[in-house]
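> here are the coordinates; sequence isn't available:
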């Protein structure tokens, strides 16, 4: 097998892997990594991996092919400049939050270029807004609390007259026992 054929085979494999990541991910946060050292990228990659987020540096041409192969209907023109993508598979907020926090906290030159949520393109500001949302678990807890509170109030309201009747009956029992 010639060197060109091996390189082409590797590129096809990368395109397939990135296309699969596009298909499975709920959110993709695109960052400009120019100026970052390899150690910084590795540090970010480890932090994201611990939260179930993949961070990949992919050539723009291969990313365009992967986006096309994934079948998602977003604009492929966003792949310009030195980009890396954080693929969030479970909670869309987690990937955005981790990348935004990493960009804020360090002296590491990482810029958020934009993102993809479902089939919608996000600007850098929209990615930052997404990062400000509470996590899925907190939102679910708020929904459950919102449903539970009226039910608790209803039970308490309905139990009031029964409780009052029980107090009256107990007072009458005590009165009859004294006599």
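Thanks, I have it. Computed from a predicted model, the values in this text were never measured in an experiment. Numbers count the residues shown, from 1 in each chain.
> Only C-alpha atoms from now on, for both contacts and neighbour counts.
Will do.
> quick check: longest helix of this structure.
Longest helix of the chain, by residue count under DSSP state H: helix 136-178.
> Endpoints of stretch 13-33, how far apart?
23 Å (C-alpha to C-alpha, to the nearest Å).
> Check the offset of it from the chain's centre.
Relative to its chain's centre, stretch 13-33 lies at 14 Å (C-alpha atoms, centre = their mean, to the nearest Å).
> and whichever helix or strand residue 104 is part of, average pLDDT?
Taking DSSP states H and E as the criterion, residue 104 maps to helix 92-105. Averaging pLDDT along helix 92-105 yields 84.
> Could you chop the protein up by domain?
Segmentation of the chain into domains, based on automatic domain parsing, reads 3-133, 135-179.
> Tabulate those in TSV, adding columns for mean neighbour count.
Formatted as TSV, the domains of the chain follow (neighbours: other C-alpha atoms under 10 Å):
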stretch	mean neighbour count
domain 3-133	18
domain 135-179	11
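> Which residue is the nearest non-sequential neighbour of residue 79?
residue 60 (5.3 Å; C-alpha to C-alpha, 6 or more residues apart in numbering).
> Is the one you found in contact with residue 78, as I believe?
No: counting by C-alpha atoms under 8 Å, residue 60 stays clear of residue 78, with 9.0 Å between them.
> Low-confidence stretches in the chain?
The chain contains residues with pLDDT under 70 at 1, 72-77, 106-108.
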